[in-house]
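> give me a model of this one.
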Amino acid sequence: MSETRATTPVFPPGRYGRRRDGRRRLFAPIAFAVVVSVTIGFLALRLYDNYGDPDYDSQIVGWSDVTDSRMTIRFTVRVPPGGSATCGLRARSYDGAEVGRATVTVTAEGSERAIDARETVPTTARAAVGEVLRCAAAG
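Numbers count the residues shown, from 1 in each chain. Reported below is the predicted structural model:
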């Protein structure tokens, strides 16, 4: 009986390009994954710094005393104990146009964490909706 040996094919040199060895190179995919992870982490921290401050959470309660020249907006703000917050308020008309804007500072008394505020926003026309745009640490 004859025995057949399995041999690797021999190609003429320079004819089929450079031959690769059997090992895969993992440096590029790993480096790409690290760069993407660092970029996502940096982006998440930046977005949290800009928009995710949970200590200054505001909620609109309602509005009243609506005339052609003013609107009173009632809202609550959660702050650190005894802290204060600067809030941006906006009044809009029925068609959504901004008719008034004000920036107010509210302060908690003692060790309170929630501030119930009522602020008047001057308007240029009759307002239909009052909003709290954003509250941040006063200072």
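> could you pull out the helices for the protein?
For the chain, applying DSSP state H gives helices covering 27-51.
> what residue ranges in it score low on pLDDT?
1-4, 16-24, 52-54 (pLDDT under 70).
> just the strands in it please.
Secondary structure of the chain (DSSP state E): strands located at 57-64, 70-78, 84-92, 98-107, 114-122, 129-137.
> got those as a markdown table, with mean neighbour count and distance to residue 5 columns?
The C-beta positions use only the backbone N, C-alpha and C, and glycine is treated the same way. Formatted as a markdown table, the strands of the chain follow (neighbours: other C-beta atoms under 10 Å; distance: least, C-beta to C-beta, whole Å):
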| stretch | mean neighbour count | distance to residue 5 |
| --- | --- | --- |
| strand 57-64 | 14 | 77 |
| strand 70-78 | 20 | 80 |
| strand 84-92 | 20 | 82 |
| strand 98-107 | 16 | 85 |
| strand 114-122 | 16 | 85 |
| strand 129-137 | 17 | 78 |
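> nearest to residue 51, out of those strands?
strand 129-137 (8.7 Å; C-beta to C-beta).
> helices or strands up against the closest one?
In terms of contacts (3 or more C-beta pairs under 8 Å, 6 or more residues apart in numbering; DSSP states H and E), strand 129-137 is packed against strand 57-64, strand 70-78, strand 84-92.
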